[in-house]
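Visitor: I'd like to go over a predicted model; first the sequence, then the structure.
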Amino acid sequence: MKIVVSEDGGVVFIEPVGFIDGKTAPEFHDAVLALLKPKARTVLNMTQVDFMSSAGLRSMLLIYQQAKSKEAKIVLTGVNNDIRKSMSATGFLAFFIVAETVQDAISQLG
Amino acid sequence: MQGIDIQPTHEYQGYRIRPGKPFPFGASLVPGGVNFSVFSRSASYCVLVIFEKGAATPLVEIPFRGMFAKAFTEEPVWGEFRIGNVFNMTVLGLDDEAIEYGFRMDNGLAPAERGKPAIHRFDPSVVLLDPYARSIGGRDVWGRAPDWNAPFPHRSRVVSDDYDWEGDRPLEIPLEDLVIYEMHVRGFTRHPSSGIDAAEAGTFSAMREKIPYLKELGVNCVELMPIYEFDEFENSRWDDERKCWSKMNYWGYSTIGFFSPKAGYASTGRLGDGTMVADELKSLVKELHRNGIEVILDVVFNHTAEGNEHGPTISYRGIDNSTYYMLTPEGYYQNFSGTGNTLNCNNPIVRDMVIDALRYWASQFHIDGFRFDLASILSRDPWGGPMANPPLLESLAFDPILGKCKLIAEAWDAGGLYQVGSFPAYGRWAEWNGKYRDAIRQFLKGDPGETGAMSQAILGSPQLYQGRGPTASINFVTCHDGFNLADLVSYNGKHNEANLEDNRDGANDNASWNCGWEGPTDDPSILALRQRQMKNAIAMLLVSQGVPMILMGDEFAQSKFGNNNTYGLDAEINWLDWTLRETHRDFHRFVRKMIAFRLAHPVLRSRDFFHYSDPAGRGYSDISWHGVQAWRPDWGGRAIAFMLNGYYAKGGTAPDDFIYVALNMHWDALPFELPRLPDGFRWRIFANTGMPAPEDAFDAGAEPELADQNVCLTGGRSVVILVGRSEAQ
């Protein structure tokens, strides 16, 4: 899967593109984990993710746990309605800070 | 370090495989692949059939015995992947999320004819569901009409067990402290008045959103009507006149798979992702536990959805018919369940399956307990005879993983076995106490001479459970079967026409009383009497020793219009109507206060039966019976009173108030002479169902003092509850 990474003003922007499922999830979380430096401030922009399976949910949780252990902060943005619903129904959404826009996400990072 | 068994030994049409592990049964994730394991004693041949999710034709069919290619070469090699009666194989490199699977089995005989008896029912043309499937596809969205011609309608899926429980554990609330709420997952939030978005209504996640309501009601346990995968369309038919499905399997008492949550109860079911469905249910359980609410599952192990000789081959009968089912010597299905077949629960293989399933739910879903539908079937031997020491019930009672789970039996079956009071209990099993229900109903409607039976009910039914204690008794006035509370006081007879069986279905003996008019009325005196009778029933239930259970909807007097068997109606009649919370707000308030009262008073929640003694010399025994005259109960009439000495609450470990309860089911008001309290103690009134709200029930600590400390006038068909305490306390 394609993952677009950029940095601006001390904030790392990670933008995965495509499905996050059993096939792509390992690649996705390996890539994100590699970018998660201690105390990093990160925006995970999900605008271009159309679908996430349970494997994707697990990748997200792994990322969240790693971020916590590194005292890094992650804010999600651009989560489409379907993904938000499944993340909410399964309880995974509760782990994350979710922002409506990239700008909101940056301000949530403080 | 990586294990050395991750490499394939054989290849088949490009799929890399190796001999699997026989345990655990079912499909399990192992390093590099998926392990498949399935039992059949009589199959001589088995094939693993793998589909891409939703596809009509398989990706591959891998035999468990035959010619393969040696891994990494083209060299042909014989392979047989079986240990004893268990076929097992690991397939490497599978995308477990993307597949569904099943088995074909054969033993070389001609397939049994549909409708004819047979010992074996192998049919290699059918792709069989795995009895251990952790997720089942095919009915992913509730009520979405299936493809009736689908060759493989119920598909096994692979589930990932990992989940972040965030430290959650089963709550292990003592059984005597539970207040159970019997509910239907879909019915709880399906009604438009629930306020849940239509796309999510009726699901596990919608229920999670409504937990604050359960918390406000005050219950600390929910008992979910069946949530194992079932087919809501089983036996259904399209009603062209009413433009809806009739005779649906709405309640769900017909299991397809014992290890799989009902996908149609998950809002994520539509994604066809079994792990996500499991996650959704786990998230519900975790949140209920956070709110101090336990989860009991109503489990149906007495039969399956495969029906009798005419039924479909879905799984068990095509895998090992004579192992999974009780058969007559000719090969007809025994029908102790009343639904066509009977699971052969005391066959060692089936017994293990039942135990494995319950262990799975207890360990992977943190379920706090189980209520077994038609549990007496679980005490029958493979030929149908009741056993004194049934291995399955004994194994469950002593199972280490289920060691803290509540085990509750519906202690009867449809074959005539009735074991209320005599269910093989091993010090563990509780029972739905049908005799409690009957006693309360008869006393409530004013039958004379019921005070004796009523007193047994109040005591936790020692006549049934001596040696087991009051926690053996799950007390209820109403449950999903039969009239609900509003109908119990509004109908003399059942009115089941909507079930389309000419009012023949459902129980005829309801011990109900309509209070003077059959069904709806606007007569204010009848309506007032009905409301009082409902309050009386709730009061009796919540001051009884034992474990009270309240039926969803009864807390705000929802009617089912006299229908006492609504199993097949996915309609408003079965959906909780949240507007009634306001319509019947006084009654709802009373129910909440009664629940809070029970939970505030340990003397109502004894683990052991009363001793009728006063070993500490307090001047009052733990319980005493009274009538219109104190200390002189009238066992022949329609009124009785009792007093509990709070000093002895929970064996003297949880000091409590005195509690006095006058139950007057006579139509006239009666003056009850009150037992005299110790010096400095005063009687205060907690509840009087003869008074309109808000004088019908008070908050703990705010109960007004009784003006006359000697006599309590109790209205006709009314219950008065007093607390006696010292002002110095």
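Guide: Happy to help now that I have it.
Visitor: now the helices: where do they sit in the stretch 201-350 of chain B?
Guide: B:204-209, B:211-217, B:274-290, B:316-324, B:348-364 (DSSP state H, counting those that start in this stretch).
Visitor: How about the first one and chain A, touching?
Guide: Read it as helix B:204-209. Yes - judged by CB under 8 Å from any CB of the partner chain, helix B:204-209 and chain A are in contact via B:204, B:205. To be clear about C-beta, it is placed using only N, CA and C from the backbone, and glycine gets the same treatment.
Visitor: partners of residue B:51 in the sheet?
Guide: residue B:100 (DSSP bridges).
Visitor: what residues are up against it?
Guide: Counting by CB atoms under 8 Å, 6 or more residues apart in numbering or on different chains, residue B:51 touches B:57, B:58, B:59, B:99, B:100, B:101, B:102, B:152, B:155.
Visitor: so which of those would you say is closest to chain A?
Guide: Chain A lies nearest to residue B:99 out of those, by CB to the nearest CB, at 9.6 Å.
Visitor: Number of residues surrounding that closest one?
Guide: Applying other CB atoms under 10 Å in any protein chain shown, we find 23 residues neighbouring residue B:99.
Visitor: quick one: residue B:22 and residue B:84 touch, right?
Guide: Yes - the criterion here is CB atoms under 8 Å, and residue B:22 meets it with residue B:84 at 7.5 Å.
Visitor: Go through chain A and flag its longest helix.
Guide: In chain A, with assignment by DSSP state H, the single longest helix is helix A:54-69.
Visitor: Pick out the lowest-pLDDT one from the contacts of residue B:51.
Guide: Among the contacts of residue B:51, residue B:152 carries the lowest pLDDT, at 90.
Visitor: For the residue in chain A that chain B sits nearest to, which non-adjacent residue is closest in space?
Guide: Here chain A gets closest to chain B at one residue, residue A:91, 3.2 Å apart by CB to the nearest CB. Closest residue to residue A:91 apart from its sequence neighbours, by CB to CB, 6 or more residues apart in numbering or on different chains: residue B:283 at 3.2 Å.
Visitor: The one you found is in contact with residue A:90, isn't it?
Guide: Yes - using CB under 8 Å, residue B:283 is in contact with residue A:90, at 5.5 Å.
Visitor: what about these two, which has more around it?
Guide: When residue B:283 is set against residue A:90 and neighbours are counted by other CB under 10 Å, the residue ahead is residue A:90, at 28 against 23.
Visitor: Quick check, that one in contact with residue B:276.
Guide: Yes - using CB under 8 Å, residue A:90 is in contact with residue B:276, at 5.8 Å.
Visitor: so what's in contact with the two at the same time?
Guide: A:54, A:57, B:268.
Visitor: which of these tops the neighbour count?
Guide: Counting neighbours by other CB under 10 Å, residue B:268 leads the shared contacts of residue A:90 and residue B:276 with 30 neighbours.
Visitor: got a list of what that residue touches?
Guide: Counted by CB under 8 Å, 6+ apart, residue B:268 has contacts A:85, A:86, A:89, A:90, B:205, B:276, B:277, B:279, B:280.
Visitor: what's the spacing between stretch B:530-541 and its chain's center?
Guide: 24 Å (CA atoms, centre = their mean, to the nearest Å).
Visitor: With stretch B:448-466 instead?
Guide: With CA atoms, centre = their mean, you get 25 Å for stretch B:448-466.
Visitor: try stretch B:117-124
Guide: Distance of stretch B:117-124 from its chain centroid, counting by CA atoms, centre = their mean, is 32 Å.
Visitor: residues in chain A within reach of chain B, list them.
Guide: Residues of chain A lying near chain B (CB under 8 Å from any CB): A:21-23, A:53-55, A:57-58, A:61, A:85-86, A:88-92, A:95.
Visitor: Let me see the ranges of the strands in the stretch 501-650 of chain B.
Guide: Along the stretch 501-650 of chain B, the segments classed as strands by DSSP state E, counting those that start in this stretch run B:547-551, B:623-626, B:639-644.
Visitor: And the next helix or strand past the longest one?
Guide: Downstream of strand B:639-644, the first helix or strand assigned by DSSP states H and E is strand B:658-664.
Visitor: so what's the residue sitting nearest the centre point of chain A scoring on pLDDT?
Guide: Compute the mean C-alpha point of chain A, and by CA atoms, centre = their mean the closest residue is residue A:44, 3.9 Å away. pLDDT for residue A:44: 96.
Visitor: which SS class is it?
Guide: State at residue A:44, reduced to three classes by DSSP: H, G, I helix; E, B strand; the rest coil: strand.
Visitor: I'd like to know the beta-bridge partner residues of it.
Guide: residue A:14, residue A:76.
Visitor: what's the single longest helix in chain B?
Guide: helix B:524-543.
Visitor: Counting by contacts, list what that one packs against.
Guide: Packing contacts for helix B:524-543, counted by 3 or more CB pairs under 8 Å, 6 or more residues apart in numbering or on different chains; DSSP states H and E, involve helix B:434-444, helix B:451-459, helix B:485-488, strand B:547-551, helix B:585-600, strand B:658-664, strand B:718-726.
Visitor: Pull it out as CSV, backbone CA atoms only.
Guide: What follows is helix B:524-543, C-alpha atoms only, in CSV (Å, rounded to 0.1, in the frame of the first residue of the first chain):
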residue,chain,number,x,y,z
PRO,B,524,-60.2,4.4,35.4
SER,B,525,-61.0,2.0,38.3
ILE,B,526,-59.8,-1.0,36.3
LEU,B,527,-56.7,0.8,35.1
ALA,B,528,-55.9,1.8,38.7
LEU,B,529,-56.4,-1.7,39.9
ARG,B,530,-54.1,-3.1,37.1
GLN,B,531,-51.4,-0.6,38.0
ARG,B,532,-51.7,-1.6,41.6
GLN,B,533,-51.5,-5.3,40.8
MET,B,534,-48.4,-4.7,38.7
LYS,B,535,-46.8,-2.9,41.6
ASN,B,536,-47.8,-5.7,43.9
ALA,B,537,-46.2,-8.2,41.7
ILE,B,538,-42.9,-6.2,41.5
ALA,B,539,-43.0,-5.7,45.2
MET,B,540,-43.4,-9.4,45.9
LEU,B,541,-40.7,-10.3,43.5
LEU,B,542,-38.2,-7.9,45.0
VAL,B,543,-38.8,-8.8,48.6
